[in-house]
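> Predicted model and sequence below, questions to follow.
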Amino acid sequence: MTSRQIRFCFAYASSGNATQSAIEAGYSERTARSQGQRLLTNVDIQNFLQQLAEKRESKKIADAKEMQEVLTSIIRQELEEENLVVEGYGDGVSEAVIKTKKSSHKDVISAIDKLARMQGAYDNSQTLTLVLPVFGGEADLED
């Protein structure tokens, strides 16, 4: 791919407008519309645009490492949560105030449990073996 085609891909990935992207990539304004449409049919450009879209989408989704970092921050009580609290001053006068608080014990325990499950700390491979007795000679038994 040429450098203009790469510039077109980055411009198109952010705007979705083929004509404007062709102009930004350095193609003539007079032929930008046809150039943009032609570029979008190029297999290499389609593949590169797909790669750019996948990278952009993957940044929006938290990976396992990021989730573990957040859970660890909750466990260590490094994160603070903002809460809106109404405080009364007497005579029917009150005011909304934002207060911060650290993770509760319940939140910490829940984060520990989730992190332990993610890291495979629990052994869920217990096998239960049942032995059923088999009686022989049922014909000889009385009712």
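Nice, thanks for sending it over.
> What segments of the protein are strands?
80-90, 93-102 (DSSP state E).
> and those strands as a markdown table, adding distance to residue 6?
Yep, even glycine has a C-beta here, placed from its N, CA and C like the rest. Below are these laid out as a markdown table (distance: least, C-beta to C-beta, whole Å):
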| stretch | distance to residue 6 |
| --- | --- |
| strand 80-90 | 43 |
| strand 93-102 | 46 |
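> And these: which comes nearest residue 21?
Of all the strands of the chain, strand 80-90 sits nearest to residue 21, with 41.1 Å by C-beta to C-beta.
> I'd like the distance from the residue nearest the centre of the chain to residue 55, if you could.
The chain has residue 61 as the residue nearest its centroid, 2.6 Å off, counting by C-alpha atoms, centre = their mean. Distance, residue 61 to residue 55, by C-beta to C-beta, to the nearest Å: 11 Å.
> returning to what we had before: can you read off the pLDDT for the residue nearest to the centre of the chain?
Listed pLDDT for residue 61 reads 70.
> So what are the structural domains in this structure, by residue number?
3-60, 65-118 (automatic domain parsing).
> Save the ones you listed as CSV, and put in distance to residue 133 too.
Output for the domains of the chain, formatted as CSV (distance: least, C-beta to C-beta, whole Å):
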stretch, distance to residue 133
domain 3-60, 57
domain 65-118, 38
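> among the ones you listed, which is the most enclosed?
Comparing those by mean neighbour count (mean count of other C-beta atoms under 10 Å), domain 3-60 ranks first with a mean of 15.
> quick one: it to chain centroid distance?
Domain 3-60 sits 27 Å away from the centroid of its parent chain (C-alpha atoms, centre = their mean, to the nearest Å).
> what's the answer for stretch 1-14, then?
Computed by C-alpha atoms, centre = their mean, the chain-centroid distance of stretch 1-14 equals 27 Å.
> where in the chain is pLDDT low?
Scanning the chain for pLDDT under 70 picks out the ranges 58-60, 123-128, 134-143.
> Let me see the contact set for the spatially closest residue to residue 81 that is not a sequence neighbour.
Leaving aside its sequence neighbours, residue 81 sits nearest to residue 101 (C-beta to C-beta, 6 or more residues apart in numbering; 5.7 Å). Residues in contact with residue 101 (C-beta atoms under 8 Å, 6 or more residues apart in numbering) are 80-81, 83.
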